[in-house]
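Engineer: please work out how this folds:
(2 chains)
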Amino acid sequence: MLKIKRVPTVVSNYQKDEAADEPVGCGRNCLGACCLNGARLPLYACKKLENPGTGEKIVIGCEAREPPVAFLESLVLGEWEDRFQRGLFRYDVTACETKVIPGKYGFVAQLNEGRHLKKRPTEFRVDKVLQSFDGNKFNFTKVGQEELLFQFEAGEDCEAQFFPCMPLDADNSPSVVAINVSPIEYGHVLLIPRVLDCLPQRIDHKSLLLALHMAAEAANPYFRLGYNSLGAFATINHLHFQAYYLAVPFPIEKAPSKKMITTVSGVKISELLSYPVRSLLFEGGSSMQDLSDTVSDACVCLQKNNIPFNILISDCGRQIFLMPQCYAEKQALGEVSPEVLETQVNPAVWEISGHMVLKRKEDYEGASEENAWRLLAEASLSEERFKEVNALIFEAIGCSNQEEELEGILVQQQHNPSGSLNRTHGGRITNGTASECLVLQ
Amino acid sequence: MSITQSSASLFSTTEEKEGTFNARYSLWIKEALDELPHSFTITDPFISGHPIVFASPGFLKMTGYSREEVIGRNGRAFQGPKTNRRSIMEIREAIREERPVQVSILNYRKSGSPFWMLFHMIPVFGNDDGRVIHFVAVQVPISGQKMRNGSGCSEMVFGSCRREVCLGSFVHQERALPVECDEQELENWEHCEASESEKLKSAEAVGSVLSVLTRYSEFAGRLVCGKRNCLRGADCLSSSLVISLGRIKQSFVLTNPCLPDMPIVYASDAFLTLTGYKRHEVLGQNCRFLSGVDTDSSVLYEMKECILKGQPCTVQILNYRKDKSTFWNLLHISPVRNASGKTAYFVGVQMEASCKDIESKELRPEPRQLSVVGAVRVAVRSSFMATC
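Structural biologist: Below is the predicted model:
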């Protein structure tokens, strides 16, 4: 069993040490059966989306007046500001100095001494990506309702709808957006799909699609969603995504990419070139569902194979980065360099994407692109391992693993009844049968 | 992207949008620009939505739109589902960082048909204040001859002599539009590299437009230039911050507590509509011009106290419009920090109340006011790109 010691980030004011016992029954206005009755929260049902980001305008069903900015943004930021002024956050993140590190990629560094508690580190098991939900540990049914901003669901209508005061009904399996009380940036929230169903931290098709909906609905390329699997620095084993605004490009979004494959549903999968963490980029697809399902299939495969990973949803849900990593494993085996360990930066999704929160002033003052690169490179899979993992993924999403050196590749759909070859753009045309296509590596 | 962006351009006419353009330059600027053969557009980042304020005849011919259909639109309107996301990001970032960019990108005509072009954009700076006055964008259609060669091979590494040979057959044809080819194919190209001559063309075009702008701005006594000649003043916001703030459709102002008498450095269109003032009348002024004889001075004192303490506050105050009429203003004020972590501005969000709320003990800001504050915080925090 591999374990590492680290101080978990506190995301809720009701979260205590993992080791401590939770007091039973309440008075805290949580989401447990004790307090749920009569709980109300605004509900935002986003519109049914056909194609990824066709740039449609939102028409609000029930709202009388126009919101000041695009609706979801208005709701997230307005509710967040309300909690901000009510003092629900552990610190004022806007008082934390931040800068873009000079360099080609523009890594973003923040000096934040208050984010990580000065507490005793707790043990985290890092060798199991799939772990069962444990109701005794902290989970999101234990948050105070004041930490919840609104319910969010994928609507069935062609228009988005907003209901300012909707009961929280367990039968509806509501998904909620909550604040992260240790925000990495202003507006940092958590998306918790089907919170009352107590799902463990693992990707499933429905939940990833919900996350994509949120990204698309926010309609702001600087509002991104992220996910950390267990073993890739997820703090809480209760299914959740994170999201916040930062109006600069993330380094990972600037990395050049090389197309590897296009699936039959039109999802283009590329690998990043010249980036410290070897990652895949998924985009396109004839619908958002196609894109979402392809990525979910890939994640399920990684989960089955016990490979920790992070996901970044960017560009309003049009681009999804999948980053398999091995930092925690390396750390547990004592293979991470001491200087990198000293920074106590855990390379989770935001760090890998290029946003680093540093707790020591000297690290912030001395932050450089080389340092950032070196730290993130520790999290990356090796070249060979990455190739192996890609092979697993491609098999799982129904593409045989054929790769051509220079150009795009032919995709043979094993389940295609006609048995014909699909030509992808950029690939060489062959008009032969399956036996003529390129062989597996 | 904002919900009300389209309705905003419905309400303000083409003339209004062009009006700000005319204000900067001397008479006949439009005629001079119209004489240029190139396809180009000029946008104004200081108008909400960063719209096009001038489109050349070449541009209209290339895209198939009329002038009225283009003025007031944002450049995004010409992109479509197959436009490469990375290229869009590159343009967006160049605007945000106020620097030039040259990128191949797929655009769509009015007819819906796609075409590849080389997009070359530069910022145009005010010589005296160093801020971005306009962005000039030139569009050069790319013939993409390479893409159609051979048996569909996407190999794009051509020796330079081969490139000449490919284009040789086109040299004598002065064509503004690329050769028609299978549109489906066009849309699916990952990339379409511009030739050296196409890149030269775009640079020439940019130079021509810039020299016309320079000449006519000089006549008007308010010179513009292609390079920033002085550091932007402290009372001048970056164009990217202005663009971000311009997306917020609500009455609000930003004031700078670090400048003497805490002047207004930004005022939204809705604020101007609410108060009846013009932008140049309020920028640089302290907000006290909104108060008048019947304004409760104890409320003013309360506001001052909160500002000194750096705390948010909500008050109900009697304010006066330019025409001297009064209105009850539910005003919410909050300090806003920038990337350094220090307070850089105060935001004041106004809401017209129908009548004075008698129990004004614990005033709470309205949800939409909080939304504005949140949006302003994000915009200010992120506007920390160093420009030199």
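Engineer: phi, psi of whatever residue of the stretch 201-350 of chain A ends up closest to chain B?
Structural biologist: As assessed by CB to the nearest CB, chain B sits closest to A:Ala247 within the stretch 201-350 of chain A, at 3.3 Å. For the C-beta atoms, the positions are set from N, CA and C on the backbone; glycine is no exception. With angles defined as degrees, to the nearest 10, A:Ala247 sits at phi -90, psi 50.
Engineer: contacting residues for it?
Structural biologist: By CB atoms under 8 Å, 6 or more residues apart in numbering or on different chains, A:Ala247 lies in contact with A:Tyr222, B:Arg96, B:Ser244, B:Val378, B:Ala379, B:Arg381, B:Ser382, B:Ser383.
Engineer: filter the residues you listed down to the ones in helices?
Structural biologist: B:Arg96, B:Ser244, B:Val378, B:Ala379, B:Arg381, B:Ser382 (DSSP state H).
Engineer: ok, the first one - how many residues close by?
Structural biologist: For B:Arg96, the number of neighbouring residues by other CB atoms under 10 Å in any protein chain shown comes to 21.
Engineer: from A:Gly317, how far off is it?
Structural biologist: 21 Å (CB to CB, to the nearest Å).
Engineer: for chain A, what's the longest helix?
Structural biologist: Under DSSP H, chain A gives helix A:288-304 as its longest helix.
Engineer: ok, back up a step: chain A: which of the ones in helices among the contacts of A:Ala247 is nearest?
Structural biologist: Checking these one by one against chain A (CB to the nearest CB), the nearest turns out to be B:Ser382, at 3.3 Å.
Engineer: not counting its neighbours along the chain, what's nearest the residue of the stretch 251-388 of chain B found nearest chain A?
Structural biologist: Residue nearest to chain A within the stretch 251-388 of chain B (CB to the nearest CB): B:Gly374, separated by 2.8 Å. Closest residue in space to B:Gly374, ignoring its immediate chain neighbours: A:Leu77 at 2.8 Å, by CB to CB, 6 or more residues apart in numbering or on different chains.
Engineer: how far away is that neighbour from B:Arg377?
Structural biologist: 8 Å.
Engineer: re the thing from before, between the helix or strand just after the longest helix of chain A and helix A:288-304, how big is the angle?
Structural biologist: Downstream of helix A:288-304, the next assigned helix or strand under DSSP states H and E is strand A:309-314. Angle, strand A:309-314 to helix A:288-304, by axes from the mean of the first three to the mean of the last three CA atoms, to 10 degrees: 160 degrees.
Engineer: what about the helix or strand that strand A:309-314 is followed by, average pLDDT?
Structural biologist: From strand A:309-314 onward toward the C-terminus, using DSSP H and E, the following helix or strand is strand A:319-324. Taken as a whole, strand A:319-324 has an average pLDDT of 98.
Engineer: give the pairing partners of strand A:319-324; include direction for each.
Structural biologist: With DSSP bridges as the test, strand A:319-324 is paired with strand A:280-284 (antiparallel), strand A:309-314 (antiparallel).
Engineer: can you dump the C-alpha coordinates of the shortest one into PDB?
Structural biologist: The one in question is strand A:280-284. Coordinates of each C-alpha in strand A:280-284 appear next as PDB, following Å, rounded to 0.1, in the frame of the first residue of the first chain:
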ATOM      1  CA  LEU A 280      -3.900  14.300 -24.400                       C
ATOM      2  CA  LEU A 281      -6.200  16.900 -25.800                       C
ATOM      3  CA  PHE A 282      -9.700  16.000 -26.900                       C
ATOM      4  CA  GLU A 283     -11.800  18.300 -29.100                       C
ATOM      5  CA  GLY A 284     -14.400  18.300 -31.700                       C
END
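Engineer: list the contacts of that strand.
Structural biologist: A:52, A:257, A:260, A:262, A:266-272, A:291, A:294-295, A:298, A:318-323, A:390, A:393, B:85.
Engineer: same question, the longest one
Structural biologist: When contacts are defined by CB under 8 Å, 6+ apart, strand A:309-314 is touched by residues A:129, A:203, A:208, A:211-212, A:215, A:221, A:224-229, A:232-233, A:241, A:250, A:252-253, A:295, A:299, A:302, A:319-325, A:348-349, A:352-353.
Engineer: can you list the buried residues in stretch A:1-13?
Structural biologist: Judged by neighbour count (16 or more other CB atoms under 10 Å in any protein chain shown), stretch A:1-13 contains these buried residues: A:Ile4, A:Arg6, A:Val7, A:Pro8, A:Thr9, A:Val10, A:Val11, A:Ser12, A:Asn13.
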